[in-house]
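Chemist: Provided below are the primary sequence and the corresponding predicted coordinates.
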Amino acid sequence: MNNHSPWVHTIFEPDTETAQYVVTDLETREAYIIDPVLDYDPFGGTVQGMMAEKILKFVQQHQLNVTKIIDTHVHADHLTAAHYLKQKLEMKVSVPEFWMGNKVTAVQDVFTKKYNFKYQELKPAGELFDRLVQEGDTWTLGNNIQCSVLSTPGHTPACSSYRIGDAAFVGDTLFMPDIGTARCDFPGGSTEQMYNSVQKMYKSWPDDTRIYVGHDYPPANSNRQYDVMTTLGAHKRFNKMISESATPESYHKLRSERDAALKAPRLIHPSLQVNEYLSNRICFENYTDS
């Protein structure tokens with residue numbers, strides 16, 4: 001109904017099993033980049049832009065005009081390439097905005113203290129981002145693709161999910177139905193909030209909404225390959241942790257038991273420190289493209 005379907009191109013980063021997306025209105029060639037990843041070598045402590053360069057090559061190949069780079073939340077398992085891409089694109093024709101959910105300030109407040117950042121270094125009031133979005137914000141991609149945002153805390157307080165036409169990008173909220181959801185045991189995480197966030201998606205969006213997840217971790221007892229998209233209706237029926245009929249109590253039990261068995265993400269400390277510290281260019285002086 002006068003709401004075009006965007007072209008969604010996935011570039012999967014296998015080291016952290018992260019799905020990066022380029023979302024495009026084919027009519028105008030306007031595009032968004034969602035959840036891009038920087039390559040990080042934890043042994044050498046070096047940062048490279050090989051994966052981000054793949055995104056830039058795709059953008060150039062299809063002559064896209066990137067107007068927004070969106071992180072669905074502050075990532076704890078990989079370094080964001082948002083700043084790298086913004087710098088690279090600004091040197092060409094585009095001047096994209098870096099967007100984040102407005103509750104990022106709560107996450108910044110926690111980790112400012114944890115990592116002993118000074119206020120003037122981190123600026124934990126949202127100054128690092130071009131725009132802080134909040135639930136209820138609406139806009140368009142191109143001329144006709146209607147966009148909106150839901151606040152979906154649970155994994156972190158700052159998680160937001162973006163509906164762009166008939167496609168929704170939910171970051172680390174929902175995973176594929178045979179996995180369930182993301183963990184809720186990080187600082188500020190909450191099974192109660194996650195349950196409410198997912199049920200809000202179920203009530204707010206049509207069943208045929210394409211749900212694009214932030215990661216995929218195929219179960220060990222499964223023969224399936226990496227996959228990053230299914231419909232909201234499939235989640236309502238088949239999500240192993242939080243189907244439409246799940247109760248808050250059943251979800252809390254499943255998620256809490258799973259979280260108790262998980263280790264911290266391998267790159268949690270470099271990820272949080274770099275992703276929190278985007279305003280200070282010193283962190284990015286040693287970027288290389290390959």
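Modeler: Now that the structure is in, tell me what you want to look at.
Chemist: neighbouring contacts of stretch 6-21?
Modeler: Counting by Cβ atoms under 8 Å, 6 or more residues apart in numbering, stretch 6-21 makes contact with 22-26, 32-37, 39, 51, 54-55, 58, 77-78, 141, 145, 164-167, 169, 210, 212-217, 226, 228-229, 267, all of which sit outside it. Just so you know, the C-beta spots here come from the backbone N, C-alpha and C atoms, and that holds for glycine as well.
Chemist: Looking at the residues you listed, which are in strands?
Modeler: Taking DSSP state E, the ones among those that sit in strands are 22-25, 32-34, 37, 39, 141, 145, 164, 167, 169, 210, 212, 229.
Chemist: List the contacts of Tyr202.
Modeler: Applying Cβ under 8 Å, 6+ apart as the definition, the contact partners of Tyr202 turn out to be 232, 235-236, 244.
Chemist: Just the buried subset of those, please.
Modeler: Neighbour-count burial (16 or more other Cβ atoms under 10 Å) applied to those gives 232, 235-236.
Chemist: Of those residues, which is the nearest to Arg258?
Modeler: Of all those, the one sitting nearest Arg258 is His235; the distance, using Cβ to Cβ, is 17.1 Å.
Chemist: The closest one and Ile211 touch, don't they?
Modeler: Yes - counting by Cβ atoms under 8 Å, His235 sits close enough to Ile211 to count as a contact (6.2 Å).
Chemist: which neighbours do the two share?
Modeler: Contact criterion Cβ under 8 Å, 6+ apart; residues bridging His235 and Ile211 by contacting each: Leu174.
Chemist: for Met194, helix, strand, or coil?
Modeler: The local conformation at Met194, judged by DSSP: H, G, I helix; E, B strand; the rest coil, is helix.
Chemist: Tell me the pLDDT of the nearest residue to it once chain neighbours are set aside.
Modeler: Leaving aside its sequence neighbours, Met194 sits nearest to Gly154 (Cβ to Cβ, 6 or more residues apart in numbering; 2.6 Å). Gly154 carries a pLDDT score of 92 in this model.
Chemist: And Gln48, by the same measure?
Modeler: We have a pLDDT of 75 for Gln48.
Chemist: Near it, how many other residues are there?
Modeler: Using other Cβ atoms under 10 Å, Gln48 has 18 other residues around it.
Chemist: Give me the spatial nearest neighbour of it, chain neighbours excluded.
Modeler: Asp39 (4.3 Å).
Chemist: next one: Val22
Modeler: Across the structure, with Cβ to Cβ, 6+ apart as the measure, the residue nearest Val22 apart from its sequence neighbours is His9 (4.5 Å).
Chemist: Could you do Met100 as well?
Modeler: Closest residue to Met100 in three dimensions, ignoring its sequence neighbours and counting by Cβ to Cβ, 6+ apart: Phe129, at 4.6 Å.
Chemist: any idea whether Tyr162 is helix, strand or coil?
Modeler: Under the three-state scheme (three-state DSSP), Tyr162 adopts strand.
Chemist: and it, how many neighbours?
Modeler: The local packing of Tyr162 (other Cβ under 10 Å) involves 26 other residues.
Chemist: got the contact list for the spatially closest residue to it that is not a sequence neighbour?
Modeler: Nearest residue to Tyr162, sequence neighbours excluded (Cβ to Cβ, 6+ apart): Phe169, at 4.8 Å. If you count contacts by Cβ under 8 Å, 6+ apart, Phe169 has them with 21, 23, 34-35, 70, 72, 161-162, 212, 214.
Chemist: With that, I have no additional questions.
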